[in-house]
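J.: Predicted coordinates and the sequence they were generated for:
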Amino acid sequence: MDDRGLIVIIKQAQGGDKIAMAKLLEIFHPLLYKNSMLGGRFDEDLYQELSINLIHCINSFQFVPDSRIYQSFEQALKLNPHFKGEQEE
């Protein structure tokens, strides 16, 4: 999906569309899953916390011309105190 498609879905989610929010969580699932690994194991609590953090990011996201949306959300997730970047296995 290109950035224009994401913009449409994000604006729908920001407007309260639960289906659009679910679609965004699905789109970002690989990133959330990757960053939910601790010691080489999936941490469900961390996944849930990162998902909640992403929802907050989506709801407060303000568009900037020529921004790379996926990268912006990846940066926002890195602000989460539990995010450790590349996890060691």
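T.: Great, that's in hand. Residues are numbered from 1 along each chain as shown.
J.: mind checking pLDDT for the residue nearest the centre of the chain?
T.: Nearest to the geometric centre of the chain sits L54, at 4.1 Å (C-alpha atoms, centre = their mean). The score at L54 is 94. That number is its pLDDT.
J.: Could you say which helix or strand holds it?
T.: Assessed by DSSP states H and E, L54 sits inside helix 44-60.
J.: Please tell me how far that helix is from the chain's geometric centre.
T.: Remark: helix 44-60 is offset 7 Å from the chain centroid, using C-alpha atoms, centre = their mean, to the nearest Å.
J.: Would you mind listing the buried residues in that helix?
T.: Using 16 or more other C-beta atoms under 10 Å as the test for burial, helix 44-60 gives L46, Y47, E49, L50, S51, N53, L54, C57, I58. For glycine as for every other residue, the C-beta is placed from the backbone atoms N, C-alpha and C.
J.: Please apply the same query to stretch 30-48.
T.: Buried, per 16+ other C-beta under 10 Å, within stretch 30-48: L32, N35, S36, M37, D43, L46, Y47.
J.: send the alpha carbons of the helix holding L54 over as CSV?
T.: Extracted C-alpha coordinates of helix 44-60, given in CSV (Å, rounded to 0.1, in the frame of the first residue of the first chain):
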residue,chain,number,x,y,z
GLU,A,44,2.2,-10.9,24.3
ASP,A,45,2.0,-8.1,26.9
LEU,A,46,4.6,-6.0,25.0
TYR,A,47,2.7,-6.6,21.7
GLN,A,48,-0.5,-5.3,23.4
GLU,A,49,1.3,-2.3,24.8
LEU,A,50,2.9,-1.5,21.4
SER,A,51,-0.5,-1.9,19.7
ILE,A,52,-2.1,0.6,22.2
ASN,A,53,0.8,2.9,21.6
LEU,A,54,0.3,2.7,17.9
ILE,A,55,-3.4,3.5,18.3
HIS,A,56,-2.5,6.6,20.3
CYS,A,57,0.0,7.6,17.6
ILE,A,58,-2.6,7.1,14.8
ASN,A,59,-5.1,9.2,16.7
SER,A,60,-2.7,12.1,17.3
